[in-house]
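Chemist: have a look; sequence and predicted model below, questions after that.
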Amino acid sequence: MKLPIVLVPHPHVRVDGNVLGGSPYVLGSRVPVRRLWAFFKNGTSVERILRRYPQLGAAKVFDALAFALDNPEVMTADMQREDEILKKAGMGPANKPGNTEQMELPFAAESAAPARPAARSRSKR
């Protein structure tokens, strides 16, 4: 299934048939825009997405979300294509990694302070 033509290009999003099967992805990474979009549209905050993908930075995350909003036909087709691939592989939508209704991002509560590593004791030899 070929995706529709991108109507509104964005500087931090690329579509290349040789990368991720032609799915839109964040430049400089292999993070598909559909993954960020799925988290966001299912209620995950941008702050939480940034904690999950710190390597992207705010500009790339916001640009990816703007791309998704500007190109809804592309996003719908890309997500449908992913669903078809998962069905063929025997995985239903409940097992799909982007389904945030079934899977919570691995972070503590929004207001919790970051965990500190435990102090190591030094033993005398």
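Modeler: Cool, the structure landed. Owing to the predicted nature of the structure, the values given are computational and were not obtained by experimental measurement.
Chemist: strands of this protein, start to end?
Modeler: With strands called from DSSP state E, the chain shows them at 13-14, 25-26.
Chemist: just the pLDDT at the nearest residue to Gly57 once chain neighbours are set aside, thanks.
Modeler: Residue nearest to Gly57 in three dimensions, not counting chain neighbours: Leu50, with 7.8 Å by CB to CB, 6 or more residues apart in numbering. Just so you know, the C-beta spots here come from the backbone N, C-alpha and C atoms, and that holds for glycine as well. We have a pLDDT of 97 for Leu50.
Chemist: got phi/psi on Leu56?
Modeler: The phi/psi pair for Leu56 (degrees, to the nearest 10) reads phi -80, psi -40.
Chemist: make sure it is actually in contact with Leu50.
Modeler: Yes. Leu56 is in contact with Leu50 according to CB atoms under 8 Å; the separation is 7.5 Å.
Chemist: re earlier: in a markdown table, list the strands of the chain along with mean pLDDT and mean neighbour count.
Modeler: As requested, these are exported to a markdown table (pLDDT from 0 to 100; neighbours: other CB atoms under 10 Å):
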| stretch | mean pLDDT | mean neighbour count |
| --- | --- | --- |
| strand 13-14 | 97 | 21 |
| strand 25-26 | 98 | 23 |
